[in-house]
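**Q** compute the structure for the input listed below.
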Amino acid sequence: MKTELHSSKNLHRLSAAGLLVTLGIIYGDIGTSPLYVFRSIIGDRPISEELVYGGISCIIWTLTLQTTFKYVLLTLQADNKGEGGIFSLFALVRRYAKWLYMPAIIGAATLLADGIITPPISVASAVEGLNGIHSLQNTIIPGNGITIGIVVGIISLLFFFQRFGTKVVGFAFGPIMLVWFSMILILGATQIIQFPNIIKAINPYYGIKLLVEYPHGFWLLGAVFLCTTGAEALYSDLGHCGKQNIQASWAFVKTALIINYMGQGAWLLLQQKTSLGNVNPFYALMPHWFLLIGIIIATLATIIASQALISGSFTLISEAISMNFWPRVTVKYPTNVKGQIYIPSLNWVLWLGCVGMMLYFKDSSAMEAAYGFSIVIAMLMTTGLMFVFMYRIKKWNNWVIAFIMTIFLIVEISFFITNVAKIKQRWMFLFFEFGLMFIMFVWHKARKITNSYLQFIKTKDYLQALQKLSADKEIPKYATHLVYLTKANSDGDIEKRIIDSILNRKPKRADVYWFIHIDRADNPYEMAYSVVNLLPEKVIKVNFKLGFRIQPRINLLVKMVMQEMRKNNELCCSNQYEDLDVINFHTDITYVILETFLSVENELSVKEEFIMDAYFAIKQLAQSDQKAFGLDNATTVIERVPLLISPKTYLPLKRISIA
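**A** Got it, this is the predicted structure:
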């Protein structure tokens, strides 16, 4: 474990190994964009210097303003103990305003929703390149059954292998992406040498001219935006690679991307074609003898891009669970690699979504029209949270913040307007996106409602009763160590329902009563605890402080606390048969989980009733608290208790006399 953490820290430092890992993890999505971006900009339009120069200029300055300036230079500064992503950013700023949960929810939901189109558009763009091979031009046709079958097969295999983790093949991601970026750089450079005038596209004048003077030029921003759709990954995967490696490697990646885009433009102008037709200018850069090799490399790069997106989705949902934005679902750890997780339910949802997109759109060019809408919304949400970060945490000068926000908002609102037109091609996505937002909103609000109506009482008022119960030999012993999970932040408080469970229902006699409280830390990987002896060796409260990327395995954590307390002579064995030694641990521990249900006696507002009904309906599909906290069936008792939020205060009940 120490070796892994040491290795992880080393990868965060600027090094050749760190740069290689960064290429493999971070740049899959944005790195494979040359497969379809320039083709999408040209489309069916007549090829002209104005269109080619303007399109490339817009791409260059989008990568500069949106990716380099916003994400690489600015947003990466908002690291949460080395971690990035929209929930990490939310954890940094949430204490400054109550409404900040909304941009976090919208941003997370739209990122997940757009994840179902990134793998099919990337893999399909690569596989369709086989059409350029003479012997396959009548077999591999964009949109035909064979092409769709190959793409669906690759995607299905990718999702199938998620359960085993990516440790085995992960080491190859960096070298493959290094080969990919070197390849696209060389392919572009060979064309620029033949048509050096294309370098003029660096001048922003050509981009502005395209947007202002070209017929419907402004709406081309919808296609231009595709070149930066992977920018969110630069921030989301910050914890895997470190800021220095991302910033240093981006210089190489951006250079390779720009040279390739220029090369595609140079090839188009050299050919003097009037229209693009069915040709993909990316594959047109390759000599025919190299085409099959290039397609294989492109396919591997798109698989890596898809893998990075899937892993990012798993991490996003894991964080959402920890921060009470998502119902608890099964989270598995397929390898011992830090941060690598597998969520079976999400894996199925993403696989069905990706296959559905491929079967619906059939070819990559049709998907281009629907791609990018959700990502621009996610970027706007990140911008909103970044404003709070700059203003409240960094405390930058107001004029500096205003200048930065003006640039971001002009660029992103322009992209948003041009992407809104894509809704008609992606209306079916809206159900998925709004569904994710609805679940996150309901779960967050319902947890707030239930927590606000929890009834807390003073623990000290019941210590004597607990001591008497523990000493009463006439009552059958329930457990040696009886453990409850409590939401009470204060060490002097406890939920009334817990005391009722111990004293007022079936009395539960135990030698030691444990109250366990879990507090989620903003530090992603923090693991600490404190002990409060409310009644020495009789009533003990343990406060765990766990990072939002730590899975709360209570069974293991509580045993570790008991072992350490026993070692420090803070806990004596009350049973001669107990063994609290560090190596051989055996003791009688019973966990009681209080599972709530909505009582019919509540009088709620229409809004609260809707939220709570939806909450309990969603909860039926979620993982039980027992599994979520890592508790064994043999040591856990589930006790159902009614949840009274707003009980009826008056009933028109009258007593009548019997004649």
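**Q** from now on I want contacts and neighbour counts done on CA atoms only, so please keep to that.
**A** OK.
**Q** strands of this protein, start to end?
**A** Residue ranges of the strands in the chain, as given by DSSP state E, are 456-458, 477-485, 493-495, 509-521, 527-535, 539-547, 579-580, 585-586, 589-598, 636-643.
**Q** so where's the stretch 51-200 of the chain uncertain?
**A** 165-171 (pLDDT under 70).
**Q** go again using 90 as the cut-off
**A** 72, 75-88, 91-92, 94-95, 97-98, 110-119, 121-147, 157-174 (pLDDT under 90).
**Q** turn the strands of the chain into JSON lines, columns for mean neighbour count.
**A** As requested, the strands of the chain are exported to JSON lines (neighbours: other C-alpha atoms under 10 Å):
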{"stretch": "strand 456-458", "mean neighbour count": "16"}
{"stretch": "strand 477-485", "mean neighbour count": "20"}
{"stretch": "strand 493-495", "mean neighbour count": "19"}
{"stretch": "strand 509-521", "mean neighbour count": "21"}
{"stretch": "strand 527-535", "mean neighbour count": "14"}
{"stretch": "strand 539-547", "mean neighbour count": "21"}
{"stretch": "strand 579-580", "mean neighbour count": "18"}
{"stretch": "strand 585-586", "mean neighbour count": "13"}
{"stretch": "strand 589-598", "mean neighbour count": "18"}
{"stretch": "strand 636-643", "mean neighbour count": "14"}
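**Q** compile those into CSV and extend it with columns for mean pLDDT.
**A** Formatted as CSV, these follow (pLDDT from 0 to 100):
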stretch, mean pLDDT
strand 456-458, 89
strand 477-485, 90
strand 493-495, 88
strand 509-521, 88
strand 527-535, 90
strand 539-547, 89
strand 579-580, 54
strand 585-586, 54
strand 589-598, 84
strand 636-643, 81
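**Q** need those in CSV (columns: distance to S414).
**A** CSV is the format used below for the strands of the chain (distance: least, C-alpha to C-alpha, whole Å):
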stretch, distance to S414
strand 456-458, 51
strand 477-485, 49
strand 493-495, 51
strand 509-521, 37
strand 527-535, 44
strand 539-547, 37
strand 579-580, 64
strand 585-586, 62
strand 589-598, 46
strand 636-643, 48
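**Q** right, and these - which one's nearest I117?
**A** Proximity to I117 (C-alpha to C-alpha) singles out strand 539-547 among those, at 31.2 Å.
**Q** nearest to T406, out of the strands of the chain?
**A** Nearest of the strands of the chain to T406, taken as C-alpha to C-alpha: strand 509-521 at 33.1 Å.
**Q** quick one on the thing from earlier: how about the strands of the chain, which one is nearest S249?
**A** Proximity to S249 (C-alpha to C-alpha) singles out strand 539-547 among these, at 28.8 Å.
**Q** sheet-wise, list the partners of the closest one with their directions.
**A** Sheet partners assigned to strand 539-547 using DSSP bridges are listed as strand 509-521 (parallel), strand 527-535 (antiparallel).
**Q** ok and it relative to strand 477-485, angle-wise?
**A** Strand 539-547 and strand 477-485 are oriented at 40 degrees to each other (axes from the mean of the first three to the mean of the last three C-alpha atoms, to 10 degrees).
**Q** re earlier: out of the strands of the chain, flag the one nearest G129.
**A** Closest to G129 of the strands of the chain, according to C-alpha to C-alpha: strand 539-547, at 44.9 Å.
**Q** scan the chain for its longest helix.
**A** Across the chain, the longest stretch assigned as helix under DSSP state H is helix 291-322.
**Q** buried ones in that helix, by neighbour count?
**A** Within helix 291-322, the residues scored as buried using 16 or more other C-alpha atoms under 10 Å are 291-292, 294-295, 297-322.
**Q** picking that back up, how about the strands paired with strand 539-547 in CSV, adding distance to N197?
**A** Converted to CSV, those look like this (distance: least, C-alpha to C-alpha, whole Å):
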stretch, distance to N197
strand 509-521, 55
strand 527-535, 58
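**Q** the ones you listed: which one's closest to V37?
**A** When the strands paired with strand 539-547 are compared by C-alpha to C-alpha, strand 509-521 sits nearest V37, at 40.8 Å.
**Q** using CSV, write down the CA coordinates of the closest one.
**A** Presented in CSV, the C-alpha positions along strand 509-521 are these (Å, rounded to 0.1, in the frame of the first residue of the first chain):
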residue,chain,number,x,y,z
ARG,A,509,-28.4,-5.4,26.7
ALA,A,510,-24.8,-5.1,25.7
ASP,A,511,-21.5,-4.8,27.5
VAL,A,512,-20.4,-1.8,25.4
TYR,A,513,-22.6,0.6,23.3
TRP,A,514,-20.9,2.1,20.3
PHE,A,515,-22.2,5.2,18.4
ILE,A,516,-20.4,5.6,15.0
HIS,A,517,-20.5,8.9,13.2
ILE,A,518,-19.1,9.4,9.6
ASP,A,519,-18.1,12.9,8.5
ARG,A,520,-17.1,13.4,4.9
ALA,A,521,-13.9,15.5,4.5
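**Q** quick check: I296 vs N543, distance?
**A** 53 Å (C-alpha to C-alpha, to the nearest Å).
**Q** do I198 as well
**A** Distance of I198 to N543, computed by C-alpha to C-alpha: 63 Å.
**Q** ok, D632 - contacts?
**A** 555, 626 (C-alpha atoms under 8 Å, 6 or more residues apart in numbering).
**Q** could you do N543 as well?
**A** Going by C-alpha under 8 Å, 6+ apart, N543 touches 516-519, 529-531.
**Q** switch to 7 Å and redo it
**A** Residues in contact with N543 (C-alpha atoms under 7 Å, 6 or more residues apart in numbering) are 516-518, 529-531.
**Q** do I341 as well
**A** Contacts of I341 (C-alpha under 7 Å, 6+ apart): 314, 331-334.
**Q** report pLDDT for it.
**A** On the pLDDT scale, I341 is placed at 77.
**Q** begin at 34, not 1, for the rest of this chat.
**A** I'll keep to 34 as the first residue from here, and by that count the last item is I374.
**Q** which one of the strands of the chain lies nearest to T261?
**A** Among these, strand 572-580 comes nearest to T261, with 30.8 Å by C-alpha to C-alpha.
**Q** not counting residues beside it along the chain, what's closest to S189?
**A** W384 (6.9 Å; C-alpha to C-alpha, 6 or more residues apart in numbering).
**Q** in this structure the one you found contacts F194, no?
**A** No: counting by C-alpha atoms under 7 Å, W384 stays clear of F194, with 11.8 Å between them.
**Q** neighbour count winner among those two?
**A** For W384 versus F194, neighbours defined as other C-alpha atoms under 10 Å are more numerous around W384 (21 against 10).
**Q** I'd like the distance between the more buried one and L98.
**A** Taken as C-alpha to C-alpha, the span from W384 to L98 is 33 Å.
**Q** same thing with V421?
**A** Taken as C-alpha to C-alpha, the span from V421 to L98 is 20 Å.
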